[in-house]
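In: when you get a sec, could you give me coordinates for this:
(chains A and B)
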Number of protein chains: 2
Amino acid sequence: MSSTPPRPAQPAAFEEAPARRIGVVGAGQLARMMLGPAIELGLDLEVLATAPEESAAAVAATVRLGRHDDEQAVRGLADGVDALTFDHEHVPTAILEGIAGEGLAAVRPGPGALVHAQDKLVMRERLTALGHPCPRWWRIGSLAALEQALAEAGGRLVVKTPRGGYDAHGVRIVEAAEEAEDWLGTHGELLAEELVPFTRELSAQVARRPGGEASAYPVVQSLQKDGVCYEVVAPAPGLDDAAQQRIQTLALAIAEDLGVTGMLAVELFETADGRVLVNELAMRPHNTGHWSMDGAVTGQFEQHLRAVADLPLGATAPLAPVAVMVNLLGGSAEDLAPGTAAALDEEPQLKVHLYGKSVRPGRKIGHVTLLGDDAEDLLARAHRAERLIIDGPDAGAAPTAPTPEGDPR
Amino acid sequence: MSSTPPRPAQPAAFEEAPARRIGVVGAGQLARMMLGPAIELGLDLEVLATAPEESAAAVAATVRLGRHDDEQAVRGLADGVDALTFDHEHVPTAILEGIAGEGLAAVRPGPGALVHAQDKLVMRERLTALGHPCPRWWRIGSLAALEQALAEAGGRLVVKTPRGGYDAHGVRIVEAAEEAEDWLGTHGELLAEELVPFTRELSAQVARRPGGEASAYPVVQSLQKDGVCYEVVAPAPGLDDAAQQRIQTLALAIAEDLGVTGMLAVELFETADGRVLVNELAMRPHNTGHWSMDGAVTGQFEQHLRAVADLPLGATAPLAPVAVMVNLLGGSAEDLAPGTAAALDEEPQLKVHLYGKSVRPGRKIGHVTLLGDDAEDLLARAHRAERLIIDGPDAGAAPTAPTPEGDPR
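Out: A predicted model of the protein is given here:
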C-alpha cells in the first residue's frame, strides 16, 4: 500500500535532486547490507567506522574512521556526501541539527524525526499525543514516582533507559523501585511501561521519501529470544487483510506524523483481543525486515537507500507466499565456513548472509532466509541450517540457547 | 536439474576446503556484480583492474592495479587468494598454467577448460570431436582455403578471429576471401562457419564445482542487436519441457567434458526444425544470465562464486513465471540519474543495475529486469524504462539504435 501526501511547501535546496553520494554513520551489518544495493543503483556509499575491521568497513570501498559521537568525524563524513543516514540511532541530536541546519548534507531521517527512535520518553510522549496506541507508561524522575507507578501497575513494570538501549540492553523488569535506583542516578529520568500480556510480537515496516511518498511492507511476526530478534515470518501468519491494512496504515501514519525519511520499523505487541500497541521504533533497516532482501521485489536496504537518496520507492510485494528469516547468533563454532558449507549442501534454497564479525556467544553474526509455502516447514529447515552454521557440521542438531550480547541494532 | 559425477580420484590440495579469498582478473561489470553476493557469503574478493575508475574497481574494497596479460600482476593477485576467477576470458593460458601448476592458487575455470572459451578454433575442434552439435566450420590458414570453404558453403561465410573477439568484434560475414585477408595476416589462422539460418538464439547456463557437482538454469531466449546482447526472456518462450531438458543436458555435458569450474554459458542457434547448434561458450557469468540476479533463487554471480569457492551450488528455480532483462546501451543521456529516477517512478517493480561506466553510444552501461507473467508486457515495460534511462526523461519514447562499441563481455 502506498500514500502520497502533498509535498511540503518549501523543500530544502539539497532535497531537489536525488542524492548520489550517501554517507552512513556506523559500519555494522546494516551498513554492510546497504553496500550491494548501492553498487547496483550506482550510488556511492561512504561509511563512518570506528575500526577498519567492522562489518561494513571491511568490505566498503570508501571508509572514514571516526566515532558516531565525534562531531568533527560526523561533519567530515557529511561534508563529502549529499545525504547522511545511519546504521544505528546513537548519533547525538545536536551534531545532526548542526549539519542539517547548515545544509552541509541532507540528514535522513532528520534529527527531528530521529529523536523519536533515540529517546523512548520523547517517543512515548509524542505517540500518545498523536493518539497512537501505546502501553500504559510513566515518566519516572524519582524512586517515589517509580513506587507510585508500580502501585498503579499492580506491582511490576518494565523500566527502560530513555537513550542508549538496544536489544535487551537498557531494559529491566522491576518489582521494587530500588531495582532501578542505579539507572535513576545515571539517566535522571526513566521510562516505565506496563508489562503488556501480548500474544505475539509483530513488526510493520514502511519507507518514506523526503517529499512524503511512502510505501508499506507486509506486516511480519517476530520472535525474540532473550530480548534479541531471532525469527521472523513474513507475512505474519493468521493476520487477515483488514488487520494487515490497519497496521500498515498505523505505521504509515507514524512515519508521516514524525516526518521520517528512510525505513521505519514499528515493533508492535499484539494482544489477545487483537489490538496492537507500539513497542519500539527504529528509523533504519531493521532485523525484522531482513527477509525482504531475498523475499520481496525491493529489499529493505535498497528501499532505505532509495528513500534516503530521494529516488522513487520500489514495490514491496513478496516473491513467495511465505518468507522466513532466522538470525545466526554466535554459537560454539568459531569458524562459520564448515557449517555454512554443510547448510548450503543440505538446503539449496537457503540464502545465507554473513556479517564478517568475530563470533561471540549470542552475537548477531548473520542470518538465513528461506522462501516457500509453509511457515512451519520453512522454520524447521531454517533452524536446522542455523544450527549447522553456528555450531558446525559435527555438533549435532541439538538447539543452542544463545545468550544475547552485543550490538546496538 | 543437477548431476553429480564421482569426484576425481586425486583432487589438488587447494581443492580440499572452500576458498575464502577470491581474486577476479578484470574489473568490468561482471566483477562488479560479484561484489554484492561475495559480501553476503562472507567471501573476500580482490579485483585486478587496469585503472581505479573501472566498473568493479570503483566499488570494491580491495583492488590491485595491473593488466590481465601481465604475468607478474596476475601472479601477484593469485598469491594472495585461494582461488582465481575471471571477469573476461583474455588472460594468456601460459600465465594460468604456471599459477595452477605451482598451486599458487586454484584457477577456476582452469586453463585447460578456459582455452575453449578463449580460442574458437580449439572450441570447434573439441566440441566436434565430442559429438556436440556445431555449425559447419572450417579451419582457414590461407586465402585459398577460404576460397574453397566459400565454394563449399555456397558463397557466404562467417569468419571469426580465433582469439580476442567479443560481442561483434572479431566477426565478419564475407563473400570473397580477400575480405578476410588482413585478419589472415595478423592471426595466421581463422575460423570460418556457415551462416546458420536460425530462428532465434538461446542460451543455456550451468554451474559446475571442481568435484563435478553441476546445476542448470532454465534455458533462455536472447536477442542480439548489432552483435550485442540486448534482450533476454527467461525461460525461453515456447520451449517445451523436453526441449528445455535436452538443452540443459547438452550444456551440462559440455561443462563436464571440458572440466569447467564456475558458470558456463552455451550460446545456441535454434533452427526451424527445432535443432540447436552451439554458437559460443563463455566461462563466467554471462549477459544472458543477468535476469537471474533478480529472477532466480540463486543469481548467477552468487552461483559463480559458490562454484569457484567450491561451496555447494544453490537452487536455480525462477522466482516468477517470466523474467525479462534488457541491456542499457549508451544513448543520448550522459547522466543516467534523471532517467533512472523517471523509470523507477513509472515502474515500481523495475530492478535497475548500473555499472558506473561513462556513457558512450552503444556501450553496455547497465541493465534492467522485470518479473511477471507475460513476456510481451514485461518487454514493453522494460524497453520503456530502458529508453528513459539511456535517453533521459525528456527524450520521448522513440527507440534508439545504439551502435555497439566496447567491452569484452
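
In: A:R124 should be in a helix, yeah?
Out: Yes. Assessed with DSSP: H, G, I helix; E, B strand; the rest coil, A:R124 lies in a helix.

In: how about the nearest residue to it, chain neighbours excluded?
Out: Distances taken as CB to CB, 6 or more residues apart in numbering or on different chains place A:W137 nearest to A:R124, at 4.9 Å, with adjacent residues excluded. All C-beta atoms are positioned from the backbone trio N, CA, C, and that covers glycine.

In: for A:M283, see how far away the one you found is.
Out: 20 Å (CB to CB, to the nearest Å).

In: what count of nearby residues applies to the residue nearest to A:R124?
Out: Other residues within reach of A:W137, judged by other CB atoms under 10 Å in any protein chain shown, total 22.

In: contact partners for it?
Out: Contact analysis of A:W137 by CB atoms under 8 Å, 6 or more residues apart in numbering or on different chains lists A:R124, A:T128, A:L191, A:A192, A:E193, A:E194.

In: now A:V322
Out: A:V322 makes contacts with A:V233, A:A234, A:P235, A:L371, A:G372, A:D373, A:D374, A:A375, A:L378, as judged by CB under 8 Å, 6+ apart.

In: so A:G339: helix, strand or coil?
Out: A:G339 ends up helix, using three-state DSSP.

In: isn't it right up against A:P393?
Out: Yes. If you go by CB atoms under 8 Å, A:G339 and A:P393 touch, sitting 5.4 Å apart.

In: more crowded one of these two?
Out: It is A:G339, of A:G339 and A:P393, that has more neighbours when counted by other CB under 10 Å, with 24 against 17.

In: local confidence estimate at that one?
Out: Note for A:G339: predicted pLDDT of 96.

In: what do you get for A:S222?
Out: A:S222 is assigned 97 on the pLDDT scale.

In: likewise for A:P404?
Out: pLDDT at A:P404 comes out at 43.

In: likewise the one 3 residues further on?
Out: Here the pLDDT value assigned to A:D407 is 41.

In: A:T400 now?
Out: pLDDT, A:T400: 47.

In: my guess is A:D79 contacts A:L104, does it?
Out: Yes. Contact criterion CB under 8 Å: A:D79 and A:L104 qualify, at 5.9 Å.

In: between the two, who's got more neighbours?
Out: A:L104 (18 against 11).

In: list phi and psi for the more buried one.
Out: Phi and psi for A:L104, reported as degrees, to the nearest 10, are phi -60, psi -40.

In: then A:L190?
Out: Dihedral pair for A:L190: phi -130, psi 160, per degrees, to the nearest 10.

In: and the closest residue to it other than its chain neighbours, what pLDDT?
Out: Of all residues beyond its chain neighbours, the one nearest A:L190 is A:I140 (4.3 Å), with distances taken as CB to CB, 6+ apart. At A:I140, the model reports a pLDDT of 96.

In: how about stretch A:171-180 as PDB, C-alpha atoms only?
Out: Coordinates of each C-alpha in stretch A:171-180 appear next as PDB, following Å, rounded to 0.1, in the frame of the first residue of the first chain:
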ATOM      1  CA  VAL A 171      15.500  -2.900  29.700                       C
ATOM      2  CA  ARG A 172      14.600  -4.300  33.100                       C
ATOM      3  CA  ILE A 173      11.600  -5.800  34.700                       C
ATOM      4  CA  VAL A 174      11.300  -4.500  38.200                       C
ATOM      5  CA  GLU A 175       9.000  -5.200  41.200                       C
ATOM      6  CA  ALA A 176      10.600  -2.800  43.600                       C
ATOM      7  CA  ALA A 177      11.700   0.800  42.900                       C
ATOM      8  CA  GLU A 178      15.200   0.100  44.300                       C
ATOM      9  CA  GLU A 179      15.900  -2.300  41.400                       C
ATOM     10  CA  ALA A 180      16.200   0.800  39.100                       C
END
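
In: residues touching it, excluding its own?
Out: Residues contacting stretch A:171-180 (CB under 8 Å, 6+ apart): A:140, A:143-144, A:146-147, A:150, A:155-160, A:165, A:183, A:190, A:195, A:227.

In: ok, now with 10 Å
Out: A:120, A:140, A:142-150, A:155-161, A:165, A:181-184, A:187, A:190-193, A:195, A:227, A:280 (CB atoms under 10 Å, 6 or more residues apart in numbering or on different chains).

In: buried residues in it?
Out: A:V171, A:V174, A:A177, A:A180 (16 or more other CB atoms under 10 Å in any protein chain shown).

In: burial measure for the residue nearest to the third one when sequence neighbours are not counted, as a count.
Out: Distances taken as CB to CB, 6+ apart put A:L146 closest to A:A177, at 4.0 Å, once the chain neighbours are dropped. By the other CB under 10 Å criterion, the neighbourhood of A:L146 contains 25 residues.

In: averaged pLDDT, the helix or strand hosting A:L146. What do you get?
Out: For A:L146, the host element (DSSP states H and E) is helix A:143-153. Helix A:143-153 carries an average pLDDT of 96.

In: residues near the residue nearest to A:L190, how many?
Out: A:I140 has 28 nearby residues by other CB under 10 Å.

In: same check, this time on the one 4 residues further on
Out: Other residues within reach of A:A144 by the criterion other CB under 10 Å amount to 10.

In: quick check: phi and psi on the residue in chain A positioned nearest to chain B?
Out: Closest to chain B within chain A is A:G36: 2.9 Å, counting by CB to the nearest CB. The phi/psi pair for A:G36 (degrees, to the nearest 10) reads phi -60, psi -50.

In: isn't it up against B:A38?
Out: Yes. With contacts counted by CB atoms under 10 Å, A:G36 reaches B:A38, the gap being 9.2 Å.

In: quick check, the residue nearest to A:A177 in contact with A:A192.
Out: Yes. With contact defined as CB under 10 Å, A:L146 counts as touching A:A192 (6.4 Å).

In: name the nearest residue to A:A100, ignoring sequence neighbours.
Out: Closest residue in space to A:A100, ignoring its immediate chain neighbours: A:V107 at 4.3 Å, by CB to CB, 6+ apart.

In: beta-bridge partners for the one you found, please?
Out: A:L84 (DSSP bridges).

In: which ones are touching it?
Out: A:14, A:23, A:25, A:74, A:78, A:83-86, A:91, A:95-101, A:113-114, A:261, A:308.

In: same deal with A:D257?
Out: A:A113, A:H116, A:R126, A:L127, A:A129, A:L130, A:G131, A:H132.

In: among those, which ones are buried?
Out: A:A113, A:H116, A:R126, A:L127, A:H132.

In: filter the contacts of A:V107 down to the ones in strands?
Out: A:G23, A:V25, A:A83, A:L84, A:T85, A:F86 (DSSP state E).

In: among those residues, who's most crowded?
Out: Among the ones in strands among the contacts of A:V107, the one with the most neighbours (other CB under 10 Å) is A:T85, at 32 neighbours.

In: name the nearest residue to that residue, sequence neighbours excluded.
Out: The spatial neighbour of A:T85 that comes closest, neighbours along the chain excluded (CB to CB, 6+ apart), is A:V308 at 4.6 Å.

In: dump the residue contacts of the one you found.
Out: A:18-19, A:22-24, A:34, A:43, A:82-86, A:106-109, A:207, A:209-210, A:261-263, A:284.
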